[in-house]
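K.L.:
quick one, structure for this:
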Amino acid sequence: MLSFVAQRVVKGVIVLLAIVVLNFFLIRLAPGDPAIVMAGEAGASDQIFVKQLREKFGLDKPLPEQLFIYVKGVATLDLGFSFRQQAPVAKLIGERLPATLLLTLTAFAISLTLGILFGTFAARFAGTFLDTGITVFALIFYAMPIFWVALMGILLFSVTFEWLPSFGYETVGANVTGLAHAVDVAKHLIMPAMTLGLFFMATYTRMTRASMLEVKRLDFVKTARAKGLSDAVIQRRHVLRNALLPVVTLAGVHSGTLIGGAVITETVFAWPGIGRLMYDALLQRDYNLLLGVFVICSAMVLIFNLITDLVYRLVDPRIEFAS
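P.N.:
I've put the predicted structure just below:
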């Protein structure tokens with residue numbers, strides 16, 4: 001296993017380097033000049049001031065030289081300096097990353113748990129009213145846009161019933177610590193995590209149901225029934241366990257999509273994560289900050305994919321690690 005992990009890490013570094021180079025050129029192809037934008041906001045849009053800004057932030061250098069400087073910095077874990085925020089990119093991302101990880105991991109756990117649970121019940125009672133109800137419930141949340149679910153959640157649970165806070169990471173000015181602070185953050189987390197998780201829950205529900213119905217028709221399940229095993233044991237030990245592999249694969253693919261969905265969710269709920277930081281950097285033409293967020297998101301996707309491959313072995317010990 002250590003050899004497999006080492007090989008995947010080496011391949012991941014090569015892929016990450018290719019992503020860094022590709023993102024660098026894609027960002028440079030985007031319309032707009034950060035120096036002109038900053039000069040316009042400062043009220044001094046003359047060419048001399050714009051030239052000074054370009055020299056200050058290295059935008060006057062040839063593109064290959066800018067790429068070399070940036071790749072060299074990334075290799076030494078230096079993501080550059082944000083000329084808009086006047087702070088190191090690594091520091092800005094480090095301040096926002098815990099909030100995004102808390103949101104995405106909670107949403108991921110909610111979606112995977114509810115998806116497998118509902119999918120199991122739908123497959124167990126296939127063709128019944130319960131199966132139809134779960135399928136309709138899943139399709140409703142799959143069809144509705146994330147931002148609309150977020151807005152309806154705020155309108156219902158914050159404005160109408162006043163059960164949950166509508167925005168932010170914690171209550172402003174509360175100055176609570178310890179368990180009280182954890183409870184406060186949890187209250188703010190419920191709606192963003194549920195909004196993001198319910199969309200992916202629908203996909204896992206459908207995938208679990210379809211996979212379990214397919215496994216039920218295989219010969220080893222018929223053999224287990226012929227041996228006199230109870231239906232509960234067959235469903236849990238034989239059907240569900242073998243049906244989880246496609247779900248795990250899909251969950252690994254969705255790990256990167258969760259970050260994209262977090263951009264919308266963080267914007268609607270004013271959640272201080274890197275999704276919203278990336279959105280602000282895009283509007284401000286903050287190239288270094290935008291590239292830094294891309295690097296971190298790409299690294300997170302590669303790590304999640306490696307974890308997915310390791311989980312395969314836990315789900316089915318018959319799977320062997322291969323490079």
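
K.L.:
how far away is residue 146 from residue 257?
P.N.:
Taken as CB to CB, to the nearest Å, the spacing of residue 146 relative to residue 257 amounts to 11 Å. Heads up, the C-betas are built off the backbone N, CA and C, glycines and all.

K.L.:
which one of those two is surrounded by more residues?
P.N.:
Using other CB atoms under 10 Å, the more surrounded residue of residue 146 and residue 257 is residue 146, with 19 against 13.

K.L.:
now do the same contact list for the more buried one.
P.N.:
Contacts for residue 146 (CB atoms under 8 Å, 6 or more residues apart in numbering) come out as 195-196, 199, 261, 264-265.

K.L.:
which stretches of this protein form strands?
P.N.:
Remark: strands of the chain, listed N- to C-terminal, are 81-82, 87-88; assignment by DSSP state E.

K.L.:
list the pairing partners of the last one within its sheet, with orientation.
P.N.:
What it means is strand 87-88. strand 81-82 (antiparallel) (DSSP bridges).

K.L.:
so what touches the strand it pairs with?
P.N.:
With CB under 8 Å, 6+ apart as the contact definition, strand 81-82 has outside contacts at 87-89, 92, 281, 286, 288-289.

K.L.:
go again with 10 Å.
P.N.:
Where contact means CB atoms under 10 Å, 6 or more residues apart in numbering, the residues beyond strand 81-82 that reach it are 57-58, 73, 87-93, 277, 281, 284, 286-290, 292.

K.L.:
just checking, which of those residues belong to helices?
P.N.:
Restricting the contacts of strand 81-82 to those inside helices, with DSSP state H as the criterion, leaves 73, 89-93, 277, 281, 287-290, 292.

K.L.:
pLDDT check: weakest of those residues?
P.N.:
The lowest pLDDT within those belongs to residue 287, which sits at 79.

K.L.:
that residue: neighbour count?
P.N.:
In terms of burial, residue 287 registers 24 neighbours under the definition other CB under 10 Å.

K.L.:
also residue 75?
P.N.:
Using other CB under 10 Å, residue 75 has 11 neighbouring residues.

K.L.:
and it, what does it touch?
P.N.:
Applying CB under 10 Å, 6+ apart, one finds that residue 75 lies in contact with 13, 17, 20.

K.L.:
can you lay out the residues you listed as a markdown table showing neighbour count and distance to residue 102?
P.N.:
Output for the contacts of residue 75, formatted as a markdown table (neighbours: other CB atoms under 10 Å; distance: CB to CB, whole Å):
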| residue | neighbour count | distance to residue 102 |
| --- | --- | --- |
| 13 | 13 | 27 |
| 17 | 13 | 29 |
| 20 | 18 | 26 |
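
K.L.:
so which of these are in helices?
P.N.:
When the contacts of residue 75 are checked against helices (DSSP H), the matches are 13, 17, 20.

K.L.:
just those now: which is nearest residue 249?
P.N.:
Nearest to residue 249 among those is residue 13, at 23.2 Å by CB to CB.

K.L.:
pull the helix or strand with minimum mean pLDDT from the chain.
P.N.:
Counting by mean pLDDT, DSSP states H and E, the chain has its least confident helix or strand at helix 34-42, which shows a mean of 65.
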